[in-house]
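Colleague: Quick one: sequence plus predicted model below, questions after.
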There are 2 protein chains.
Amino acid sequence: MAASPAAGTGGSRREQILTVAAQLFAKHGFHGVSIADLGAAVGVSGPALYRHFPGKEALLAEMLVGISEHLLAGGQARACASDDPREVLAALVEFQADFALREPELIVVQDRDLANLPAEARRRVRRLQRTYVEIWVDTLQRVHPGLTAESARIAAHGAFGLLNSTPHIAPGPLGAGRSEGRPHAAAALLSRMALAALMDLPG
Amino acid sequence: MAASPAAGTGGSRREQILTVAAQLFAKHGFHGVSIADLGAAVGVSGPALYRHFPGKEALLAEMLVGISEHLLAGGQARACASDDPREVLAALVEFQADFALREPELIVVQDRDLANLPAEARRRVRRLQRTYVEIWVDTLQRVHPGLTAESARIAAHGAFGLLNSTPHIAPGPLGAGRSEGRPHAAAALLSRMALAALMDLPG
DNA sequence: CGCCCCGGTTAACGCCTGTTAACTGGCTCC
DNA sequence: GGAGCCAGTTAACAGGCGTTAACCGGGGCG
């Protein structure tokens, strides 16, 4: 009735589609993946996807809005967790690094296919992203009192670029393994770099 | 005869097409721009482009190969310009920052639409990129003797992500103006961040 | 038992796109 | 002044795409 079927798996088909779509979109781009491809990848064929999503763009919208909301929520949680802006900054960096390393496909799709969203969803994602960036800007300005907001914004975007470089790492000894247990060496390295860059700012 | 027509303008139509294509591809993605759109944007209509390029993919190929060659050439020049690895590193950072700030569309297209290249061109671009990265890796290892090649590669990609974040900067006081004369404050800020990150590496 | 909705199928439609064909005005060069 | 190429044009084609329509098996429930 009100509850989704198979609550234990959490509406598995929908989530399976979103997961697979993220991988395919990351590899071939939104327009490079057809509905038929997507269906084939989850084991059904073609128009079956319309039983779960009203259209291809809606699927992308749900994916990108979900990412933005997740990042914003995580950012807000870290921002409220401490009064020391340096601690907050370190937590933000670690959070972003962890996400970027765990979900590189989402990182790729988010900034590559934003333009393919329908206008309304695009505005929504942009707003969420802006709010997330403002958390970083505020924190940076509290760490560096003389820093202008413009400079802080550039620095924040730079840090994102640094931390989100994970998709460019060829799978190898350091970056390898989706194993979530132990701390990744790559995440540690990138976090360290980001903190060094962000602590050295003028002001 | 052997010389291209209008050597003074350097085959202006071809270059105009490439420039406009870069802007459109950066905004809408390779598959999001039709040949007709492209023609309209340069003032001709549709199939006229086939007088200058054998096809849409070939156009993209020429663009991406050109970028990779330009970056590699610039990188090799900086690498040979000094014996002090720190000076080389600083020069590499400045070179990349300058390019990223001057040609943000090319930055976007290069890593977003690599997958849309025909196989042969893609391999060629990948090879050029790998060679460019190796310059950075070598330089980093000379600055930090204990650094492994894997770590250096991750650090290099991270630095690229940081420096290439320029397309995400909303046009504003710091990032504004294609005016090439005075040094951009944004470029200086990003270069400083990148150097701080790269000098702090372990090893 | 029979109803009905959920999630799937295949067939078909219409649009858009890359590409080719056929044709044409103008500029250069002999 | 005519030949020929260069850079355009419009018309047409074939293929692929997102989307819709029509149909159907199966499991839960009254």
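Modeller: Nice, I can see it. Residues are numbered from 1 along each chain as shown, chains lettered A, B, ... in the order given.
Colleague: Number of residues surrounding the residue of chain A found nearest DNA strand C?
Modeller: As assessed by C-beta to the nearest atom of the strand, DNA strand C sits closest to A:Ala48 within chain A, at 3.3 Å. The C-beta positions use only the backbone N, C-alpha and C, and glycine is treated the same way. Counted with other C-beta atoms under 10 Å in any protein chain shown, the neighbours of A:Ala48 add up to 15.
Colleague: Report pLDDT for it.
Modeller: We have a pLDDT of 98 for A:Ala48.
Colleague: measure A:Val117 to A:Tyr132 for me?
Modeller: Quick fix: residue A:117 is Leu, not Val. 17 Å (C-beta to C-beta, to the nearest Å).
Colleague: oh, I was asking about A:Ala48
Modeller: 35 Å.
Colleague: go on, A:Leu71?
Modeller: 5 Å.
Colleague: same question, A:Ala185
Modeller: 26 Å.
Colleague: So for stretch A:22-41, what gets flagged as buried?
Modeller: By 16 or more other C-beta atoms under 10 Å in any protein chain shown, the buried positions in stretch A:22-41 come out as A:22-26, A:29-33, A:35, A:38-39, A:41.
Colleague: correction: stretch A:97-114
Modeller: A:97-101, A:103-114.
Colleague: same deal with stretch A:156-171?
Modeller: Per 16+ other C-beta under 10 Å, stretch A:156-171 contains these buried residues: A:156-169.
Colleague: Show me which of these is closest to DNA strand D.
Modeller: A:Pro167 (22.5 Å).
Colleague: And the pLDDT at that closest one?
Modeller: 96.
Colleague: Pretty sure it sits against A:Ala26.
Modeller: Yes. With contacts counted by C-beta atoms under 8 Å, A:Pro167 reaches A:Ala26, the gap being 7.4 Å.
Colleague: hey, what's in contact with both of the two?
Modeller: A:Pro104, A:Glu105, A:Val108 (C-beta atoms under 8 Å, 6 or more residues apart in numbering or on different chains).
Colleague: can stretch A:82-99 be found next to chain B?
Modeller: No. For stretch A:82-99, no contact with chain B is found by C-beta under 8 Å from any C-beta of the partner chain; the gap never falls below 10.2 Å.
Colleague: Quick one: mean pLDDT over that stretch.
Modeller: pLDDT averaged over stretch A:82-99 gives 98.
Colleague: re the thing from before, in JSON lines: the buried residues of stretch A:156-171, plus secondary structure and distance to A:Met199.
Modeller: Formatted as JSON lines, the buried residues of stretch A:156-171 follow (DSSP: H, G, I helix; E, B strand; the rest coil; distance: C-beta to C-beta, whole Å):
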{"residue": "A:Ala156", "secondary structure": "helix", "distance to A:Met199": "14"}
{"residue": "A:His157", "secondary structure": "helix", "distance to A:Met199": "17"}
{"residue": "A:Gly158", "secondary structure": "helix", "distance to A:Met199": "13"}
{"residue": "A:Ala159", "secondary structure": "helix", "distance to A:Met199": "11"}
{"residue": "A:Phe160", "secondary structure": "helix", "distance to A:Met199": "17"}
{"residue": "A:Gly161", "secondary structure": "helix", "distance to A:Met199": "17"}
{"residue": "A:Leu162", "secondary structure": "helix", "distance to A:Met199": "13"}
{"residue": "A:Leu163", "secondary structure": "helix", "distance to A:Met199": "15"}
{"residue": "A:Asn164", "secondary structure": "coil", "distance to A:Met199": "19"}
{"residue": "A:Ser165", "secondary structure": "coil", "distance to A:Met199": "19"}
{"residue": "A:Thr166", "secondary structure": "helix", "distance to A:Met199": "21"}
{"residue": "A:Pro167", "secondary structure": "helix", "distance to A:Met199": "26"}
{"residue": "A:His168", "secondary structure": "helix", "distance to A:Met199": "24"}
{"residue": "A:Ile169", "secondary structure": "coil", "distance to A:Met199": "24"}
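Colleague: what's stretch A:131-140 in contact with?
Modeller: Residues contacting stretch A:131-140 (C-beta under 8 Å, 6+ apart): A:68, A:71-72, A:75-76, A:79, A:85, A:88-89, A:92, A:147, A:149, A:152-153, A:155-157, A:159, A:198, A:201.
Colleague: Please flag which of these sit within helices.
Modeller: Of the positions in the contacts of stretch A:131-140, A:68, A:71-72, A:75-76, A:79, A:85, A:88-89, A:92, A:149, A:152-153, A:155-157, A:159, A:198 sit in helices, assigned by DSSP state H.
Colleague: Can I have the buried ones of these as a PyMOL selection?
Modeller: Here is the PyMOL command that selects only those of the ones in helices among the contacts of stretch A:131-140 that count as buried (16+ other C-beta under 10 Å):
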select buried, chain A and resi 68+71+72+75+79+85+88+89+92+152+153+155+156+157+159+198
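Colleague: Give me the distance between stretch A:69-88 and the centre of its chain.
Modeller: 16 Å (C-alpha atoms, centre = their mean, to the nearest Å).
Colleague: Contact residues of chain A facing DNA strand C?
Modeller: Residues of chain A lying close to DNA strand C (C-beta under 7 Å from any atom of the strand) are A:Pro5, A:Arg13, A:Gly39, A:Val44, A:Ser45, A:Gly46, A:Pro47, A:Ala48, A:Arg51, A:His52.
Colleague: where does chain A have low pLDDT?
Modeller: Scanning chain A for pLDDT under 70 picks out the ranges A:1-11, A:175-183.
Colleague: residue ranges of the helices in it, please?
Modeller: Under DSSP H, chain A gives helices at A:12-28, A:35-42, A:56-80, A:85-102, A:104-112, A:119-143, A:149-163, A:185-199.
Colleague: Now distance to B:Leu18 too, for these, in JSON lines please.
Modeller: Below are those laid out as JSON lines (distance: least, C-beta to C-beta, whole Å):
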{"stretch": "helix A:12-28", "distance to B:Leu18": "24"}
{"stretch": "helix A:35-42", "distance to B:Leu18": "30"}
{"stretch": "helix A:56-80", "distance to B:Leu18": "29"}
{"stretch": "helix A:85-102", "distance to B:Leu18": "32"}
{"stretch": "helix A:104-112", "distance to B:Leu18": "21"}
{"stretch": "helix A:119-143", "distance to B:Leu18": "28"}
{"stretch": "helix A:149-163", "distance to B:Leu18": "25"}
{"stretch": "helix A:185-199", "distance to B:Leu18": "34"}
